[in-house]
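Chemist: Return atomic coordinates for the entry below.
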Amino acid sequence: PCREGTFWLEKTLHRIMEGHGTEEDIKTLDRVAHSMQGKCLCALGEFAVSPVIGTLKHFRDEYVAKVRQAEAVAAD
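Modeler: Predicted coordinates for the structure are as follows:
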């Protein structure tokens, strides 16, 4: 979960931040982060999920606004 999970978290976060994300990407972040939590043998995996889970918990609306903005731009 550590090696593959951090790869998917990083790839998905970049896609969202670059304005190419979808609401499905937000669900993917949540699913991957929770799948990794408590299941990694190394500290990297545990440290990688904390900011993702924390920001999704407290700032999910920001993620949604970012992907909806990207979807609106793509629709134009």
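Chemist: longest helix of the protein?
Modeler: For the chain, the longest helix by residue count, based on DSSP state H, is helix 43-75.
Chemist: Can you give me the buried ones in it?
Modeler: Of the residues in helix 43-75, Gly45, Ala48, Val49, Val52, Ile53, Leu56, Tyr63, Lys66, Val67, Ala70 count as buried by neighbour count, 16 or more other CB atoms under 10 Å. C-beta here means a position set from N, CA and C on the backbone, and glycine is covered the same way.
Chemist: Tell me which residues touch the spatially most central residue of the chain, please.
Modeler: In the chain, the residue lying closest to the centroid (CA atoms, centre = their mean) is Leu29, at 3.2 Å. Applying CB atoms under 8 Å, 6 or more residues apart in numbering to Leu29 gives the contacts Leu9, Thr12, Leu13, Ile16, Val52, Leu56, Tyr63.
Chemist: before we move on, which element is it in?
Modeler: According to DSSP states H and E, Leu29 maps onto helix 23-36.
Chemist: now the angle between helix 43-75 and that helix, please.
Modeler: Relative orientation of helix 23-36 versus helix 43-75 (axes from the mean of the first three to the mean of the last three CA atoms, to 10 degrees): 170 degrees.
Chemist: Flag every buried residue along helix 23-36.
Modeler: Buried residues in helix 23-36, counted by 16+ other CB under 10 Å: Asp25, Ile26, Thr28, Leu29, Asp30, Val32, Ala33, Met36.
Chemist: Quick one: residues contacting the third one.
Modeler: By CB under 8 Å, 6+ apart, Thr28 lies in contact with Trp8, Thr12.
Chemist: on that earlier part again, now do the helix holding Leu29, average pLDDT.
Modeler: For helix 23-36, mean pLDDT rounds to 95.
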